[in-house]
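In: Sequence first, predicted model second:
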Amino acid sequence: MDMAHDHAHGSNRKVLLASFFIITGYMLVEAVGGWLTNSLALLSDAGHMLSDAIALGVAVLAFSLGRRTANYSKTYGYKRFEILAAIFNGVTLILISVYIFYEAFQRFMEPPEVASAGMLVIAAIGLMVNIIVAWILMRGGDTEGNLNIRAAFLHVMGDLLGSVGAIVAALLIMFLGWSLADPLASVIVAVLIIISGWRVTKDAIHVLMEGTPVNIDVDHIISVMHADERIIDIHDLHMWSITSGQNALSCHVTVDGGMTIRESGDLLHALEQRLEDEGIGHVTIQVESEVHPHDDALMCRLDDMEHE
């Protein structure tokens with residue numbers, strides 16, 4: 001399980017690094033082009049590409065730190081840094097959207113002259129660059145299971161949409177003389193970006209709050225454990241994610257008082273195998289005798305604990 005995670009970890013880092021260099025290079029081109037053509041659509045897209053470059057850089061740093069081994073200070077290692085990077089990227093998406101809304105409002109009030117031909121050329125090249133980077137991330141990275149990769153991928157998809165919006169706006173300005181198309185395209189893209197940013201931020205916060213992994217069905221996991229006839233009861237159950245793709249579980253199981261230590265070990269091994277097949281790689285189970293049960297509550301009632 002850990003070897004598979006490490007392989008995916010290295011693959012994710014490589015695609016992020018390649019994407020970082022491509023995005024950073026074209027971000028500089030688009031920023032200069034937006035300034036020369038006076039296009040908000042291009043400038044907002046360049047600003048988003050800047051955030052992409054930062055996001056990808058932070059994501060690479062997160063994967064690099066995440067490979068550091070656990071120690072007495074960080075017993076789970078530094079893998080949670082990936083989740084912190086995802087939150088950073090999600091919040092950045094939201095802030096960029098707010099800024100684009102503000103700039104677009106100013107341009108709705110006073111539409112400026114836009115060099116549509118130059119805007120069209122730069123936006124078209126930007127679209128190709130974003131398609132290439134999105135393809136690299138989808139082909140080599142885990143855009144579904146890893147929050148850090150998904151956040152970076154959403155940044156790039158936001159850029160791709162920004163390029164499409166800039167192309168459409170440039171064509172409308174060229175053929176219809178509709179100058180409001182530039183800020184309107186920016187607003188549409190900003191709406192899509194802010195939705196993506198909110199989703200990724202919410203999912204990352206869920207992990208930090210030790211929420212149940214979104215791909216895990218609690219009732220199903222309980223039924224899988226109860227399928228072993230040696231288990232009488234399950235309580236003090238907790239399920240959480242250490243980082244994307246690494247789920248953990250801890251609980252107490254009640255067994256017959258006559259079970260030997262060897263039989264208890266066999267039970268634990270069987271449960272660990274079953275839970276690993278269900279996507280839970282880190283398992284901590286305490287076996288208790290039916291004669292001396294710990295509690296009858298399935299979930300640990302932390303809120304009932306009183307500190308004298």
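Out: Yep, that arrived.
In: Now stretch 103-115: average pLDDT?
Out: pLDDT averaged over stretch 103-115 equals 78, rounded to a whole number.
In: For it, measure first residue to last.
Out: Using Cα to Cα, to the nearest Å, the span of stretch 103-115 from its first residue to its last is 18 Å.
In: Okay, buried residues for it please.
Out: Counting neighbours by 16 or more other Cβ atoms under 10 Å, one finds that the buried residues in stretch 103-115 are 103-104, 107, 111, 114-115. Just so you know, the C-beta spots here come from the backbone N, C-alpha and C atoms, and that holds for glycine as well.
In: would JSON lines of the residues you listed with distance to residue 36 be doable?
Out: Listed next are those as JSON lines, based on distance: Cβ to Cβ, whole Å:
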{"residue": "103", "distance to residue 36": "17"}
{"residue": "104", "distance to residue 36": "20"}
{"residue": "107", "distance to residue 36": "17"}
{"residue": "111", "distance to residue 36": "18"}
{"residue": "114", "distance to residue 36": "11"}
{"residue": "115", "distance to residue 36": "7"}
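In: Go through these and flag which are in strands.
Out: Cross-referencing the buried residues of stretch 103-115 with the strands (criterion: DSSP state E) gives no overlap at all.
In: Now flag whichever of these is closest to residue 91.
Out: Distance to residue 91, by Cβ to Cβ, is smallest for residue 103 among the buried residues of stretch 103-115, at 19.0 Å.
In: from what I can see the closest one touches residue 186, true?
Out: Yes. The pair residue 103 and residue 186 qualifies as a contact (Cβ atoms under 8 Å) at a distance of 7.1 Å.
In: rewinding a little: out of the buried residues of stretch 103-115, name the ones that lie in helices.
Out: Cross-referencing the buried residues of stretch 103-115 with the helices (criterion: DSSP state H) gives 103-104, 107 as the overlap.
In: Residue 189: how many residues sit nearby?
Out: When neighbours are defined as other Cβ atoms under 10 Å, residue 189 has 26 of them.
In: returning to what we had before: now, among the ones in helices among the buried residues of stretch 103-115, which is nearest to residue 278?
Out: residue 104 (47.2 Å).
In: In which helix or strand does the nearest residue to the closest one once chain neighbours are set aside reside?
Out: With Cβ to Cβ, 6 or more residues apart in numbering as the measure, residue 183 is the residue that lies nearest to residue 104, at 3.9 Å, once sequence neighbours are left out. Using DSSP states H and E, residue 183 sits within helix 181-208.
In: from the chain's centre, how far out does that helix sit?
Out: In terms of Cα atoms, centre = their mean, to the nearest Å, the centre of helix 181-208 is found 13 Å from the chain centre.
In: what element comes up after that helix heading to the C-terminus?
Out: Beyond helix 181-208 in the direction of the C-terminus, DSSP H and E gives the next helix or strand as helix 218-226.
In: Report all helices and strands that that following helix contacts.
Out: If you count contacts as 3 or more Cβ pairs under 8 Å, 6 or more residues apart in numbering; DSSP states H and E, helix 218-226 packs onto strand 231-243, strand 246-255, helix 261-277.
In: tell me which residues in it are buried?
Out: By neighbour count on 16+ other Cβ under 10 Å, the buried set for helix 218-226 is 221, 224-225.
In: Run through who's touching it.
Out: If you take Cβ atoms under 8 Å, 6 or more residues apart in numbering as the criterion, helix 218-226 is touched by 212, 231, 234, 237, 239, 249, 251, 253, 271, 274-275, 278, 280, 298.
In: Quick check, residue 91 in contact with residue 198.
Out: No. Look at residue 91 against residue 198 with Cβ under 8 Å: they stay out of range, at 9.6 Å.
In: which residues of the stretch 101-250 of the chain score low on pLDDT?
Out: Within the stretch 101-250 of the chain, the segments meeting pLDDT under 70 span 141-146, 148.
In: I figured the residue nearest to residue 104 hits residue 100, correct?
Out: No. Distance between residue 183 and residue 100: 9.0 Å, which falls outside the contact criterion (Cβ under 8 Å).
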